[in-house]
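K.L.:
sequence below, structure please.
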Amino acid sequence: MIQGIIAIGFMTATLLVSVFFAYLYTLKRQSHVLYWAIAWFLYALHLMPIAIEHWQGADPGLLVLSQALFGFAGISFFLGTQCYTRKAVQVWPVIVLAVLLAAWAGANTYHLVPIEAVAPGSLIYLAVGYLFWKESNSNEALGDRLLALAFLAWGAVVFVLQVVPPAREMLGPGILVVRVISTVFVSMLLIVAIYEEERRRVERNMLALSNLNLATSSFVGGEIQRMLAQALDRVLGVVRLPAGALFLHHGDPGGPTSMVSAGIARELSGSLQNEGLDDYLAGLVSRLGGLLAFRDLRDDNLSALEKDEPIRRFRELALQHGLRSVVVISLQAKEQALGLLMLGTPDNRRFTPAELRLLLALGHQIGMAVENSYLIQQTSRRSEELHVLNEIGRALSSTLNKEELLSKIWEELRRLFDVESLYLVSPDPARDQIQFELETIKGVRMPKRSRPAGNHLTEYILRTRQPVLIRENYVAEVRKLGVEPIRLAGSFCGVPLVAYDHAIGALCIFSDSERSFDEGHLELLRVLASEASIAIEKCAAVPGTKNQSAPPEPVESNFAGRHRHSQPR
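P.N.:
Numbers count the residues shown, from 1 in each chain. Below you'll find the predicted structure:
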C-alpha cells in the first residue's frame, strides 16, 4: 500500500519535472530542452505501470510498456544530449533501437528472454553519461562533468540490479528510493547544464559580434554583405529565433539598401524594400528608442500604431509569410540610423526585458561595425581620389592642344567616376548657342555639336555659376530651379568652369538611374573643373588661337540672368 503511494507520488513528481522542462523550452526554444522534456514524460509513463502493479497486480501488457518506456526515455535523453553537444541526430538508428527495445520487452514478458529490457536500456544512459563526459573535457564545465557522473551512476546501478538478482533482492523496496535519488540529481544537474550552456553560447556569440568591428577593416566593396550575413546568423543564434533580415543603408539613410536574410521568404523582404516599408520602420523604430516588439501580430494589440497604413501593411505581409512574433531593432551609429534588423518567429514568443536590452545592444554593435566599415572604405576612396586628382592635374597641364586636352579630361573622368555619360560645353553668346566640346553617351564619344541656348539646366549652371546635384525626382527638382528639363528621369551632377569670375563652360555627368551621385561626386567634379578651367585657358592663350587672357565681356542672353536659385539637395 505504502509502496503504491510512493510510486504514484514519484510518477507525479516526474511529470512535474517534464512540465518544467517543457516550460523552459517555451522560453529558450532549444531542441535539446525539448528532447529532455519528452524524456522525463516517457520516464514518468514508465513509472505508471509500477504504481498500478501495487494496486491491481502485475499485467503483462503494462510490464512490456514499462520496460519499453524506460528505454525510450533513455533514447530521448541521448538525442537531447547529442543536440546539446552539437552533434548530428541520426533518425534511422534511433527507430531501429526503439523497435529492438520494444521487441526485447515483449520477449522478456513472455519468458523468451531472461533479462528485462531495462538492462539494455540502461546502457543508453551510460552512453548519455559518456557524451556529457566528452563535452565536459572540451568545455571544462563542472555541470557537464557532474551530469556525466550522474548518468553513468544511474545507468550502472540499473544495469547491475537487472543482471545481478541478489543485489535486487537485497534492496527490495529500496529500489524505488534509488530511482528517486537518481531522478532528483539528474533533473537538477540538467537545469544547471542548460543555464551553463546558455551562458557559454551567449559568450561565444557576443565575442564573435565584438570582433565584427575588427573584421571590417579587411572588407571592401561587396564583401560587407558577408559580414552582415555573419552578424545576422550570430544574432539569430543568441536570441534563438528562426528567421531574420538585415536592411542596411550604405552610409546614407536615403540611399540604396542592401539586404541579407535567413529563414525569411524572399517575397517578404522584397516587398518590404519595394514598398518602402524598411525605410518607414527604420525611421519609426529610431524615433521610438531603437526597438519595437510585436508579441503576437494576430492579436488586435497594435491600436496605437494601426493608425499608420505602413504598419497595417507590414502586419499583413508578416502574417502572410508565417511570422507571428516580430521584433525590429534600429541599427544606430551615433545619432544616425543606418538601417534595421528584423527578427521573427511563427510562434507566440514573449521577449523578456533582458532579451530586449540585449537586442538593443546588438543593434548598436552592428551599427557601429557598419559605420566603421563605411568609414574605412571612405578613407580608402578619398586617398585614391586624391592620388588620381594629382595625376589629373599633371596630365591636364602637360598639353596645350585642345583636342588632346578634351581626350584627357574624358579619360580621367572615366577613371575617377566610372561614368559612361558626360559632356563639357562652352557658351557661344554671339550665336546664342551651346557648344558641346566633349560628349559621351553610354561610353561612346559623340561628334561635336551645338544647340540653341534655352532655359535649361546647363544654361542655369552657366548663368548662376553654381554647381547642381540632382539625385532623384529629376523633373520636379529641375523645375524647382525655374528651368525646363530636357531629360525625364535619372540623376545629374554638373559644375561650372570658371575663369576670371566668368563661366567659360560647364562639366556635367548624368545617369539614367536615380541616386547614382552624391556630395562626394560633386566635390570631386568641382576640383576637376577647376583644373580643367586652367588648362582650357592655357590652350586658349596659345599663339594662333583666340586670346582669352583678358576677362570676357558679359553678354545679355540666356547665359546672363539676374536671378540665382538655390542649389538643390
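
K.L.:
so Val419 sits in a strand?
P.N.:
No. Under DSSP: H, G, I helix; E, B strand; the rest coil, Val419 sits outside any strand and is assigned coil.

K.L.:
if the residue nearest to it when sequence neighbours are not counted is in a bridge, with which residues?
P.N.:
Closest residue to Val419 apart from its sequence neighbours, by Cβ to Cβ, 6 or more residues apart in numbering: Ile509 at 4.7 Å. From N, CA and C alone the C-beta is placed, and that goes for glycine too. Ile509 forms beta bridges with Leu422, Cys493, as assigned by DSSP bridges.

K.L.:
does Ile509 really touch Phe517, like I thought?
P.N.:
Yes. Contact criterion Cβ atoms under 8 Å: Ile509 and Phe517 qualify, at 7.0 Å.

K.L.:
joint contacts of the two?
P.N.:
Phe492, Cys493 (Cβ atoms under 8 Å, 6 or more residues apart in numbering).

K.L.:
still on that earlier bit, count of neighbours near the residue nearest to Val419?
P.N.:
22 (other Cβ atoms under 10 Å).

K.L.:
please report how far Asp432 lies from Glu459.
P.N.:
Distance of Asp432 to Glu459, given as Cβ to Cβ, to the nearest Å: 10 Å.

K.L.:
which of the two has more neighbours?
P.N.:
Glu459 (22 against 14).

K.L.:
that one against Ala453, yeah?
P.N.:
Yes. The pair Glu459 / Ala453 is scored as a contact, 5.7 Å apart, by Cβ under 8 Å.

K.L.:
and this protein, what are its domains?
P.N.:
Each domain of the chain is listed here as a residue range: 2-207, 227-377, 397-540, per automatic domain parsing.

K.L.:
of all those domains, which lies closest to Asn390?
P.N.:
Taking Cβ to Cβ, domain 397-540 is the member of those nearest to Asn390, at 10.0 Å.

K.L.:
can you give the distance of the closest one from its chain's centre?
P.N.:
With Cα atoms, centre = their mean, to the nearest Å as the basis, domain 397-540 stands 40 Å off its chain's centre.

K.L.:
with stretch 356-376 instead?
P.N.:
The answer for stretch 356-376 is 11 Å, by Cα atoms, centre = their mean.

K.L.:
just the pLDDT at the closest residue to Met368 other than its chain neighbours, thanks.
P.N.:
Leaving out its chain neighbours, the residue that sits closest to Met368 by Cβ to Cβ, 6+ apart is Ala333, at 5.6 Å. Per-residue confidence (pLDDT) for Ala333: 72.

K.L.:
what about Ala333, how many residues nearby?
P.N.:
Using other Cβ under 10 Å: Ala333 sits among 20 other residues.

K.L.:
and if you look at Val498?
P.N.:
17.

K.L.:
do I have it right that it meets Ile536?
P.N.:
No. Val498 is beyond contact range of Ile536, at 10.9 Å (criterion: Cβ under 8 Å).

K.L.:
this protein: strands as residue ranges?
P.N.:
Ranges of strands within the chain are 243-249, 257-262, 291-294, 325-333, 336-345, 422-428, 433-441, 444-445, 449-452, 468-470, 491-499, 502-511, based on DSSP state E.

K.L.:
worst average pLDDT in those strands?
P.N.:
strand 257-262 (a mean of 78).

K.L.:
could you check the angle strand 336-345 makes with that one?
P.N.:
20 degrees (axes from the mean of the first three to the mean of the last three Cα atoms, to 10 degrees).

K.L.:
tell me what strand 257-262 is packed against?
P.N.:
helix 224-239, strand 243-249, helix 266-274, helix 277-287 (3 or more Cβ pairs under 8 Å, 6 or more residues apart in numbering; DSSP states H and E).

K.L.:
among the ones you listed, which is the most enclosed?
P.N.:
strand 243-249 (a mean of 23; mean count of other Cβ atoms under 10 Å).

K.L.:
hmm, back to that, Phe72: which of the strands of the chain is closest?
P.N.:
strand 336-345 (29.3 Å).

K.L.:
before we move on, back to that, redo the domains of the chain as TSV? Include distance to His387.
P.N.:
Below are these laid out as TSV (distance: least, Cβ to Cβ, whole Å):
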stretch	distance to His387
domain 2-207	38
domain 227-377	16
domain 397-540	10
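
K.L.:
lowest-confidence stretch among these?
P.N.:
domain 227-377 (a mean of 78).

K.L.:
out of the helices and strands packed on strand 257-262, which comes closest to Arg382?
P.N.:
Going by Cβ to Cβ, the one of the helices and strands packed on strand 257-262 nearest Arg382 is helix 224-239, 17.8 Å.

K.L.:
now do that closest one against strand 257-262, angle only.
P.N.:
Orientation check (the same axes, to 10 degrees): helix 224-239 against strand 257-262 gives 40 degrees.

K.L.:
distance from the chain centre to helix 224-239, please.
P.N.:
With Cα atoms, centre = their mean, you get 5 Å for helix 224-239.

K.L.:
against which helices or strands is that helix packed?
P.N.:
helix 174-210, helix 212-215, strand 243-249, strand 257-262, strand 336-345, helix 353-396.

K.L.:
TSV for these, including distance to Tyr474?
P.N.:
Output for these, formatted as TSV (distance: least, Cβ to Cβ, whole Å):
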stretch	distance to Tyr474
helix 174-210	41
helix 212-215	38
strand 243-249	21
strand 257-262	21
strand 336-345	26
helix 353-396	26
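
K.L.:
let me know which of those is the nearest to Trp104.
P.N.:
Taking those one by one with Cβ to Cβ, helix 174-210 is closest: 20.1 Å.

K.L.:
just confirm Ser325 contacts Ala318, I think it does.
P.N.:
No. Applying Cβ under 8 Å, one finds Ser325 not in contact with Ala318, separated by 9.5 Å.

K.L.:
what sits in contact with each of these two?
P.N.:
By Cβ under 8 Å, 6+ apart, the residues touching both Ser325 and Ala318 are Phe294, Leu297, Gly344.

K.L.:
so how far is Thr458 from Leu288?
P.N.:
45 Å.

K.L.:
more neighbours: which of those two?
P.N.:
The residue with more neighbours, out of Leu288 and Thr458, is Thr458; 26 against 12, by other Cβ under 10 Å.

K.L.:
who's in contact with the more buried one?
P.N.:
Val425, Ile434, Gly494, Ala506, Cys508.

K.L.:
now the two most distant members of those residues.
P.N.:
Counting by Cβ to Cβ, the most remote pair of the contacts of Thr458 is Ile434 and Gly494, 12.7 Å apart.
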